[in-house]
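**Q** Have a look; sequence and predicted model below, questions after that.
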Amino acid sequence: MPIYEYECESCGQIEEAWQKMSDAPLSTCNKCQGSLHKIVSQSSFHLKGTGWYVTDYSGKKQTETAQTKEKSATDNSGTDTQSSKETKTAAKTSSE
């Protein structure tokens with residue numbers, strides 16, 4: 001059952017009530033007998049566990065991007081190392 005909050009128009013008292021969605025809204029304040037109106041309150045609903053976007057999908061794109069960058073950096077460094085070895089070998093050959 002949802003918890004509804006009501007604010008008194010006379011005294012400003014806020015009341016909480018556990019009600020079914022089909023129940024009629026409260027109309028009188030328990031403190032001063034003034035009229036009440038529903039207010040919108042902050043929800044504390046939070047999705048936890050597996051099966052939700054936050055836990056399963058939000059970091060995949062970032063992880064894949066990081067892995068791609070690491071792989072390209074490794075490929076580039078391997079190519080640079082090989083070309084520098086070829087240059088050293090060519091230099092030794094020409095000096096002999």
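**A** Arrived safely. Everything quoted here is computed from the prediction, not taken from an experiment.
**Q** distance of Q19 from E5?
**A** Separation of Q19 from E5 (C-beta to C-beta, to the nearest Å): 11 Å. Heads up, the C-betas are built off the backbone N, CA and C, glycines and all.
**Q** who touches both of those two?
**A** By C-beta atoms under 8 Å, 6 or more residues apart in numbering, Q19 and E5 have no common neighbours.
**Q** Show me where this protein has its helices.
**A** 53-56, 60-95 (DSSP state H).
**Q** least reliable of the ones you listed going by mean pLDDT?
**A** Of all those, mean pLDDT reaches its minimum on helix 60-95 (a mean of 57).
**Q** Now do the residue lying closest to E9 once chain neighbours are set aside against G12, distance only.
**A** Distances taken as C-beta to C-beta, 6 or more residues apart in numbering put S35 closest to E9, at 5.2 Å, once the chain neighbours are dropped. S35 sits at a distance of 12 Å from G12 (criterion: C-beta to C-beta).
**Q** How about S44?
**A** Using C-beta to C-beta, S44 is found at 23 Å from G12.
**Q** can you check Y53 too?
**A** With distances taken as C-beta to C-beta, Y53 is found 39 Å from G12.
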